[in-house]
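J.: sequence and predicted model, in that order:
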Amino acid sequence: MKVFIYIALFSLSLLSCKKEEVIPAMNLDEPYELDIPAGFPSPVIPEDNLLTKYRVVLGKKLFFEKALSKNYTLSCASCHHPSRAFSDTVSLSIGTEGRTGIRNSPSLANLAYKNSFFMDGGIPTLELQVNAPLEDHNEMNINILAVTERLEKKEEYITMSKKAYGREIGPFVITRALAAFERTLISGNSDFDKFQAGNIAALSLSQKRGKDLFFSNRTNCSSCHSGFNFTDNSFQSIGLYPNYADSGRMRITLNEADRNKFVVPSLRNVAVTKPYMHDGSLANLEEVIDFFNSGGHLSANKSNLVRPLNLSIQEKRDLINFLNSLTDNEFLNNKEYKP
Amino acid sequence: MKKIILTSIAIAVLFSCKKDEEENGGGHSHGNTSGEITLNANFLVNGATYDSDSVYVDDFGHNFKISFTNIYLSKINFEEAGVVTPLPTQYLLLKPEIANYSLGSVESGHYHELKFGVGIDSTTNHSDPNTYPITSPLYPQSPSMHWTWNSGYIFYKIDGTADIDNDGTFETSFIFHIGLDELRRDVSLVIHDDFDDNSNTINLNVDLGKFLTGIDLSVDNFTHTMGNLPLATRIANNASSAFSN
């Protein structure tokens, strides 16, 4: 019996040593320096969630943690795949209990530069955004207090939480750490960026023609997909349907002038984030270009900028080739973003 | 010259302080700090004691039961002759399973009115629940009392089931989740009470049936506010009448 107890104690000590190893040894307050691409501004970081290496490590661990879904089946990464610029491969992601929501899972690249979240802009901060997929019945379907109960049973979370934020694991730490990790997901090293930096060979002739079309008044693409992140973050209706099933931003503002409007998405890494549109209804970039070439459907609040373009087959191909040049392979393969 | 200005400012500050004191205490017997003030909440449905198993009748003759309710109160203040005295506890989440809520202490004396909002004031309504201490009613709740997709607190939930066809089975569920800055409603109750250094209790009746005045549960049985704002507004317009003392 005594031997048994010794063995049990010895095993326990081994286990506890193993758990300790999970926690990275680093200077706890060491700031995390964002690698800001040329032409990108510095993002605004909230005072209560300044980036430290330890916070980002904890956030990444949480991002891949399946205890964040009711049935332990999904983590954030289940619908935001790093190799897909943190978007999903299906039109509507499937939740922990097999249900689907109404909107396509967006890329998480360059979230640090956004000032509202969800396609209707209903959420003001990246920290508060964390609660939404957790509590949505069609997604993780779990109360953040239930997540807390699960995580506070795990030694590594207890320790990491105290080290990262100086407090117990709970809603504050869960939301802050995930947001901290997400703010590090910055993408700005595509072939287009290399071209902009002076490497004129980075784009093919077709891509250059596509770039000129993209930035022309003929297509008006860059009227909304503007700036370093290829979005002006405005809410627009493009006439995807004569009658939308999803009222978009009007769901938040209850203002008829916002009916059918959704936030303009960034086009960075757009080639790897299919399917497209708020509901994932367009399967590939060819369908997207064909849609915009058609001028869209007449519908409430439709943007005047979306109108028939009469693009030739070659012009459509050039545009798609240009959009392919916005893929940042360094970002997609970044080991820092993987478990 | 500098000295004169500084002295003037100091005198002005002193005077303004004195004025405030006079206004706050003027004409009332306020002096020492009162004892702990407790709010005793008594949940009712149409005048009868609330119980989740009990059957009640709506204005249209339908039997119903209420399975869940939580109600936020905010900006809880006393008022006496136009002077507002905030209670140390400014936010409460009323739950039927909890009768007594501490409101803290105020200056001893007579207070004419108890005032509060049903729901959360707009500044706090758009704050982040994750930032509050675990002891705060504004901290995340289970079941949740906050919408993240349209950031803001759920001011109150009244959920239950109704027996519309009167066959003894409560087949129709109703869900009333009310939020939105515009739907916060104010309540003023005459308490006309003296608060001394002993412990003090304020009784508050919360009649859930009053929220449903004029609501026909056979047709009006679901709102998350944004999805059915007209119904949410009708319920919110009933809110003030649900509180009495």
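T.: Alright, I've got the coordinates.
J.: not counting sequence-adjacent ones, nearest residue to A:Gln219?
T.: Careful, residue A:219 is Thr; it's not Gln. Closest residue to A:Thr219 apart from its sequence neighbours, by Cβ to Cβ, 6 or more residues apart in numbering or on different chains: A:Leu213 at 5.5 Å. (C-beta placed from N, C-alpha, C; glycine too.)
J.: list the contacts for the one you found?
T.: A:Thr219, A:Cys221, A:Leu311, A:Glu315, A:Asp318, A:Leu319, A:Phe322 (Cβ atoms under 8 Å, 6 or more residues apart in numbering or on different chains).
J.: swap in 10 Å and give it another go.
T.: If a contact means Cβ atoms under 10 Å, 6 or more residues apart in numbering or on different chains, then A:Leu213 has A:Thr219, A:Cys221, A:Ser222, A:Leu309, A:Leu311, A:Glu315, A:Lys316, A:Asp318, A:Leu319, A:Phe322 as its contacts.
J.: and it, how far is that from chain B?
T.: 37 Å (Cβ to the nearest Cβ, to the nearest Å).
J.: how close does that residue sit to B:Phe43?
T.: 66 Å (Cβ to Cβ, to the nearest Å).
J.: name the element the spatially most central residue of chain B belongs to?
T.: For chain B, the residue nearest the mean C-alpha position is B:Leu73 (2.2 Å; Cα atoms, centre = their mean). B:Leu73 belongs to strand B:63-80 when assigned by DSSP states H and E.
J.: please see if that strand touches chain A.
T.: No - using Cβ under 10 Å from any Cβ of the partner chain, strand B:63-80 stays clear of chain A, coming no nearer than 13.6 Å.
J.: can you give me how far that strand is from the chain middle?
T.: 5 Å (Cα atoms, centre = their mean, to the nearest Å).
J.: one step back: closest to chain B out of the contacts of A:Leu213?
T.: Nearest to chain B among the contacts of A:Leu213 is A:Cys221, at 29.3 Å by Cβ to the nearest Cβ.
J.: now the closest one: how far from A:Val270?
T.: Going from A:Cys221 to A:Val270 by Cβ to Cβ gives 11 Å.
J.: shared neighbours of those two, anything?
T.: In contact with both A:Cys221 and A:Val270: A:Phe230, A:Leu323, using Cβ under 10 Å, 6+ apart.
J.: tell me where chain B is predicted with low confidence.
T.: Along chain B, segments meeting pLDDT under 70 span B:1-31.
J.: how about the residues of it by chain A?
T.: So chain B meets chain A at B:126-134, B:139-144, B:146-152, B:180, B:182, B:225-227, B:229 (Cβ under 10 Å from any Cβ).
J.: show the buried residues in these.
T.: Among these, those classed as buried by 16 or more other Cβ atoms under 10 Å in any protein chain shown are B:128-132, B:139-141, B:144, B:146-152, B:180, B:225-226.
J.: quick one: which of those sit in helices?
T.: In this view, these have no member that belongs to helices under DSSP state H.
J.: need the contact list for A:Val44.
T.: Residues in contact with A:Val44 (Cβ under 10 Å, 6+ apart) are A:Ala112, A:Tyr113, A:Asn115, A:Arg183.
J.: how far away is the residue nearest to A:Phe215 when sequence neighbours are not counted from A:Ser161?
T.: Using Cβ to Cβ, 6+ apart and skipping the chain neighbours, the partner closest in space to A:Phe215 is A:Ser222 (4.7 Å). Distance, A:Ser222 to A:Ser161, using Cβ to Cβ: 44 Å.
J.: and those two? Which one has more around it.
T.: Under the neighbour definition other Cβ atoms under 10 Å in any protein chain shown, A:Ser222 and A:Ser161 were set side by side, and A:Ser161 has more, 23 against 17.
J.: surely the more buried one touches A:Gly59?
T.: No - using Cβ atoms under 10 Å, A:Ser161 is not in contact with A:Gly59, being 11.2 Å away.
J.: and the residue nearest to A:Leu51 when sequence neighbours are not counted, how far from A:Val130?
T.: Distance criterion Cβ to Cβ, 6+ apart; nearest residue to A:Leu51, sequence neighbours excluded, is A:Tyr32 at 4.0 Å. Going from A:Tyr32 to A:Val130 by Cβ to Cβ gives 18 Å.
J.: what separation is there between A:Ala201 and A:Leu108?
T.: Between A:Ala201 and A:Leu108 the distance is 31 Å, computed by Cβ to Cβ.
J.: equivalent analysis for A:Phe192, please.
T.: Here A:Phe192 is placed at a distance of 20 Å from A:Leu108 (Cβ to Cβ).
J.: quick check: beta-bridge partners of the residue nearest to B:Asp186 when sequence neighbours are not counted?
T.: Nearest in space to B:Asp186, with sequence neighbours left out and distances taken as Cβ to Cβ, 6+ apart, is B:Gly117 at 5.5 Å. Beta-bridge pairing for B:Gly117 (DSSP bridges): B:Ser74, B:Asp186.
J.: and the residue nearest to A:Thr219, which of the three is it?
T.: helix (DSSP: H, G, I helix; E, B strand; the rest coil).
J.: list the beta-bridge partners for B:Asn63.
T.: According to DSSP bridges, the partner residues bridging B:Asn63 are B:Val57, B:Asp163.
J.: same check, this time on B:Pro86
T.: B:Asn77.
J.: cool, and the one 5 residues further on?
T.: When bridges are called by DSSP bridges, B:Tyr91 pairs up with B:Ser74.
J.: for the most centrally placed residue in chain A, which residues are in contact?
T.: Geometric centre of chain A, nearest residue: A:Leu108, 1.3 Å, by Cα atoms, centre = their mean. Counting by Cβ under 10 Å, 6+ apart, A:Leu108 touches A:63, A:76-77, A:80, A:82, A:85-87, A:114, A:126, A:181-183, A:185, A:187, A:337.
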